[in-house]
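# I would like the atomic coordinates for the input below:
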Amino acid sequence: MSTTKHRKILEREELRRRVEEWRRAGERITLANGCFDLLHVGHVRYLHAAKKLGGRLVVAVNSDDSVRTLKGMGRPLMPAEERAEILAALADVDAVVIFAEPDVRALIAEIRPDVHAKGTDYTAESVPERDAVLAYGGRVQIVGDRKEHSASEIIRSRFPGRRDAGRE
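Numbering: from 1, shown residues only. Next up is the predicted model:
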């Protein structure tokens, strides 16, 4: 993955430096995260709503091993580098980082986003990383439209015999 070719796709250390630069310029940081295994309209609406919270939008993408753990064998459909490249192409996205951990707590501790945006399949109380965000004074915001789209459901509906559609 070349950060010169895809200047929005950053390694963790580079992301930390970029976030520091943005903060020095007075900008807020919003973090969104997910597998983004098959980009669909629900993802686009989620990211657009996260961007509307203001400031810079950082999107954390689950690594391939992390997606397999969450969704099951046969997933991801696309490697993390390709998923990151697709997300980096979206105008609302300011930076993309791939993470290997089961959730984004470590990344939250590293960049301390002002807002951690999660989709409507969560409530503010059910966000796994909620305590990590609240511990330093950040906030959790639920954004996007109702959870009517999922990569797993798209796979199941379009490829009904496929056993590896995964869990949502």
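# what about the residue nearest in space to the middle of the chain, helix or strand, and which?
Against the mean C-alpha coordinate of the chain, by C-alpha atoms, centre = their mean, the closest residue is Asn33 at 1.9 Å. Per DSSP states H and E, Asn33 falls inside strand 29-34.
# mind saving the C-alpha coords of the helix or strand following that strand as CSV?
Using DSSP H and E, the helix or strand that follows strand 29-34 towards the C-terminus is helix 41-51. Provided in CSV are the C-alpha atoms of helix 41-51 (Å, rounded to 0.1, in the frame of the first residue of the first chain):
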residue,chain,number,x,y,z
VAL,A,41,-25.5,2.8,0.3
GLY,A,42,-25.8,2.3,4.0
HIS,A,43,-22.1,2.8,4.4
VAL,A,44,-22.1,5.9,2.2
ARG,A,45,-24.9,7.4,4.3
TYR,A,46,-23.2,6.5,7.5
LEU,A,47,-19.9,8.2,6.4
HIS,A,48,-21.7,11.2,5.0
ALA,A,49,-23.6,11.7,8.3
ALA,A,50,-20.3,11.2,10.3
LYS,A,51,-18.6,13.9,8.1
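# in this structure the residue nearest to the centre of the chain contacts Val59, no?
Yes: between Asn33 and Val59 a contact is recorded at 6.9 Å, counting by C-beta atoms under 8 Å. Placement of C-beta: from N, CA and C, glycine included.
# that older thread, what lines up beside the strand holding Asn33 in the sheet?
Next to strand 29-34 in the sheet, as set by DSSP bridges, lie strand 56-62 (parallel), strand 115-118 (parallel).
# after the longest one comes which helix or strand?
Counting by DSSP H and E, the element after strand 56-62 in chain order, helix or strand, is helix 64-71.
# wait, is Ser144 part of a strand?
In this structure residue 144 is Gly, not Ser. No: assessed with DSSP: H, G, I helix; E, B strand; the rest coil, Gly144 is coil; it does not lie in a strand.
# which residues are in contact with it?
Counting by C-beta atoms under 8 Å, 6 or more residues apart in numbering, Gly144 touches 42, 45-46, 49-50, 119-120.
# from the middle of its chain, how far away would the helix of greatest length in the chain be?
In the chain, assigned by DSSP state H, the helix with the most residues is helix 12-24. Counting by C-alpha atoms, centre = their mean, to the nearest Å, helix 12-24 is centred 17 Å from the centre of its parent chain.
# quick one: buried residues of it?
15-16, 18-19, 22-23 (16 or more other C-beta atoms under 10 Å).
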